[in-house]
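Peer 1: Next come a sequence and a model predicted from it.
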Amino acid sequence: MRRVLYGTILALAGMLAAGAAPAAAAQWCPNDAQAFQVAAEGSLPRLAEQDNVIGWQPYADVGARSISRRTCRDFDGDGDLDFAIEVACCTVSSPSLVVIYERFGNGGFGIAYRRFTPVRGFERQGRSLVITEPRYATSDANCCPSRIAVRKIFHRPERFTSNTRITRP
């Protein structure tokens, strides 16, 4: 009798786990190494080359430690957990890469938005991503931009877009 009861409990637990697996997978947020893997296997290295990013180190040289900031959120409102990363590059005057990865129904990811820019701030606001970018005048030192661009990246039907406001530091 105990074996039958034990077997029934295990079978029920297996069915519950199988039923919960898709919901748990939809809420998975990658760590830095997993986010780097998604980026390295996708089209990001080719896009960095295509955009002719000056000073951009090859992904193989930088590795997962290049992910300086990462956040997960349903950025596009489809119910799936997407993620955004900032890939830090070489120096303060070299651009970083900000990428929003959109999750597809099959569990894979695709690049939904990318921007090469020097980044100071990187944070979520609701379903938006807000980055702050220094804006240098020709006489500004690298430490001290004369203006800051606050860029809010958000999803509109079928695509991501952004708006920017310029402020003083």
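Peer 2: Happy to help now that I have it.
Peer 1: quick one: the helices in the protein?
Peer 2: All helices of the chain, identified by DSSP state H, fall at 2-26, 32-41, 44-50, 59-62.
Peer 1: Those helices: lowest mean pLDDT?
Peer 2: Across the helices of the chain, helix 2-26 has the smallest mean pLDDT, namely a mean of 40.
Peer 1: my guess is R124 meets T71, correct?
Peer 2: Yes - using CB atoms under 8 Å, R124 is in contact with T71, at 5.2 Å. All C-beta atoms are positioned from the backbone trio N, CA, C, and that covers glycine.
Peer 1: So for the two, which residues contact both of them?
Peer 2: A84 (CB atoms under 8 Å, 6 or more residues apart in numbering).
Peer 1: Those two - which one has more neighbours?
Peer 2: T71 (16 against 13; other CB atoms under 10 Å).
Peer 1: Give the bridge partners for that one, please.
Peer 2: Under DSSP bridges, the beta-bridge partners of T71 are A84.
Peer 1: pLDDT at it, what is it?
Peer 2: Value for T71, per-residue pLDDT: 94.
Peer 1: ditto for G126
Peer 2: The model's pLDDT for G126 equals 93.
Peer 1: what's the answer for C89, then?
Peer 2: 63.
Peer 1: And for F122?
Peer 2: Value for F122, per-residue pLDDT: 94.
Peer 1: Please apply the same query to G108.
Peer 2: Value listed for G108 in the pLDDT field: 84.
Peer 1: That one - how many residues pack around it?
Peer 2: What G108 shows, counting by other CB under 10 Å, is a neighbour count of 12.
Peer 1: likewise A40?
Peer 2: 15.
Peer 1: how far away is it from I67?
Peer 2: 11 Å (CB to CB, to the nearest Å).
Peer 1: which ones are touching the closest residue to R70 other than its chain neighbours?
Peer 2: Nearest in space to R70, with sequence neighbours left out and distances taken as CB to CB, 6 or more residues apart in numbering, is I85 at 4.9 Å. I85 makes contact with A35, A39, I67, R69, R70, L97, V98, V99, Y101 under the criterion CB under 8 Å, 6+ apart.
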